[in-house]
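Q: the sequence and its predicted three-dimensional model are supplied below.
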Amino acid sequence: MLRKRALWIGLIVLVLAAGGGYAYYRNVYQPSQESVEPTIATTQVRSGDLIVSVSGSGTLSPASEIGLGFQSGGYLDEVLVEVGDQVQEYDTLARLETDDLELAVAEADIKVRLAQLDLDDVLEEPSEAELADAEADVQSTQAALTVAQYTYGTAQNSDLDASVRAYQIHFQGAVDQYLEVENNDASQSRLEEAWNDWASAEWQLNDVLQQAQMEQLDAWNQVDQAQNRVYQAQENLESLQSGPIEDAILRAELKADQAALALDDARENLAAAELRAPFAGTVVDVTAIPGEHVGTASIITLADVEEPILQFWVEESDMSGVAVGNRVEIIFEALPDDTFTGEVVRVDPALVTVGNTLAVQAWASVDLASHPANLLGGMNAEVEVISAESRDTLLVPLQALRELGADQYAVFVVQSDGEMVLRPVKVGLMDFVNAEILSGLELGEIVSTGVEESTETDVPSGEEMLPPGGPGMRMLEGR
């Protein structure tokens, strides 16, 4: 009885198991094996802007910053600016004591005037009165020469010559007398007397001869001087008659030029005693006080904050997007609501290390016209470098492109009857989302972007995002 009951229970379990298996086959397994028609994703060719850019960060710096000092040392008379002052180009910032420099200018100016007067005298044509005076001077000097020559001639036949001859006779008599006394063995006293007479006569003769020679020499000197005056008077007359001599003109001109150069130097030294701003900017440092002796070192630092420049860095991998002339958009941390524009003005030729990372260092101008603001050196900013952009151009998603080869692309265009054709296109710019279509498509056309994943089955869509094959597709030549 028990064995019969167990048999019935086993049959019931078997029937239930068979029924469950059949239900799983009909409701789960069999539907999963049936093919599901895939859904094609599409999009419309649209018009828009495509911008390719790279991002970086940077710091604002003055366009130029320079330390200013005097060309030569001296005592500082006054400092006219303080830190933070805004100055214009050529404004005086500081001044040295100038008493000695002003005196040097005045002295140089006098020398210039004197040299010019000399030059004017050389260049000036002689007047009739000057010529007449010169001719009269020649005649006068010639007359003086004649008188001097006559005086010299008569000096040789003067009474002094007769006196010389008389003393010569007296001297000879004294000599003869001494010899006679000596030969007659006269007394010693008589011999000494005769000797003294000889010596006295000799001295008197020499004195008279010397006087005669002096008179003749003086007369000759008068002749020589008179002759020189005649030569000078004749040269002066000839110079007036022939006009200025080139050498004299050249010497006078050189002296005038030399004096003018000395005056220029003195004026430059005086001007250099004033320290002036080479450009409009802001005073950022002053290191000297009046009364202090200063040299040529910098005492005032001036920065150009009206045209600041942004020093920025982008990652090495983005270096292709940074080039001189590229447009930039800048947002300062302190001014998050304002976007400033500018352009890249310099790209350094070597990579730099920023935060242990290699980066490209570049510099960009900042246009303050659209956002007048008081920008300070050292302000941090985020910068976006626009490496390429295209406005109001045809765009399709990147998923719509089918790469045929190097720089060769095509898209599947959905026709009005639902049929898809593969059409070659020319692609321009691309970012991470869209591609610019230069030719091959028209605005509003429908293109395929691939196969949508089914939500009803576990069958994955194709990795290549290609629409399924079949009679509904064909290749269409690019147009």
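A: It's in.
Q: can you tell me the strand partners of the lengthiest strand in the chain and which way each runs?
A: Longest strand in the chain, counting residues (DSSP state E): strand 380-397. Strand 380-397 pairs in its sheet with strand 46-61 (antiparallel), strand 327-332 (antiparallel), strand 434-439 (antiparallel), by DSSP bridges.
Q: give me the distance between that strand and the centre of its chain.
A: Mean-position distance between strand 380-397 and its chain equals 36 Å (C-alpha atoms, centre = their mean, to the nearest Å).
Q: got the buried residues for it?
A: 381, 383-387, 390, 393-397 (16 or more other C-beta atoms under 10 Å). C-beta here means a position set from N, CA and C on the backbone, and glycine is covered the same way.
Q: adding distance to residue 77 and pLDDT, write those residues out as a markdown table.
A: Below are the buried residues of strand 380-397 laid out as a markdown table (distance: C-beta to C-beta, whole Å; pLDDT from 0 to 100):
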| residue | distance to residue 77 | pLDDT |
| --- | --- | --- |
| 381 | 42 | 96 |
| 383 | 46 | 96 |
| 384 | 51 | 95 |
| 385 | 50 | 95 |
| 386 | 53 | 93 |
| 387 | 55 | 88 |
| 390 | 62 | 89 |
| 393 | 66 | 93 |
| 394 | 72 | 94 |
| 395 | 69 | 95 |
| 396 | 74 | 93 |
| 397 | 74 | 94 |
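Q: closest to residue 439 out of the residues you listed?
A: Relative to residue 439, the closest of these is residue 394; by C-beta to C-beta it sits at 9.1 Å.
Q: check whether the closest one really touches residue 440, as I assumed.
A: No. Residue 394 is not in contact with residue 440 according to C-beta atoms under 8 Å; the separation is 9.2 Å.
Q: how close does residue 143 sit to residue 299?
A: Remark: distance between residue 143 and residue 299 (C-beta to C-beta, to the nearest Å) = 74 Å.
Q: the more surrounded of the two?
A: Legend: neighbour count by other C-beta atoms under 10 Å for residue 143 and residue 299, higher for residue 299 (22 against 12).
Q: and the closest residue to that one other than its chain neighbours, what does it touch?
A: The shortest distance from residue 299 to any residue other than its chain neighbours is 4.0 Å, reached at residue 288 (C-beta to C-beta, 6 or more residues apart in numbering). Residues near residue 288 by C-beta atoms under 8 Å, 6 or more residues apart in numbering: 76, 79, 94, 294, 299-300.
Q: need those in CSV (columns: pLDDT).
A: Shown next, in CSV, are those (pLDDT from 0 to 100):
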residue, pLDDT
76, 94
79, 94
94, 95
294, 92
299, 94
300, 94
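Q: make JSON lines out of those residues and add secondary structure and distance to residue 38.
A: Listed next are these as JSON lines, based on DSSP: H, G, I helix; E, B strand; the rest coil; distance: C-beta to C-beta, whole Å:
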{"residue": "76", "secondary structure": "strand", "distance to residue 38": "88"}
{"residue": "79", "secondary structure": "strand", "distance to residue 38": "84"}
{"residue": "94", "secondary structure": "strand", "distance to residue 38": "83"}
{"residue": "294", "secondary structure": "strand", "distance to residue 38": "86"}
{"residue": "299", "secondary structure": "coil", "distance to residue 38": "81"}
{"residue": "300", "secondary structure": "strand", "distance to residue 38": "77"}
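Q: and which of the buried residues of strand 380-397 is nearest to residue 434?
A: residue 395 (4.6 Å).
Q: show the contacting residues for the closest one.
A: By C-beta under 8 Å, 6+ apart, the neighbours of residue 395 are 45-48, 50, 434-437.
Q: ok, now with 7 Å
A: By C-beta atoms under 7 Å, 6 or more residues apart in numbering, residue 395 lies in contact with 46, 48, 50, 434-436.
Q: just residue 266 next, same as before
A: Here residue 266 is in contact with 104-105, 108 (C-beta under 7 Å, 6+ apart).
Q: could you flag which of those are buried?
A: Among the contacts of residue 266, those buried by neighbour count (16+ other C-beta under 10 Å) are 104-105, 108.
Q: per-residue confidence for residue 164?
A: Residue 164 is assigned 57 on the pLDDT scale.
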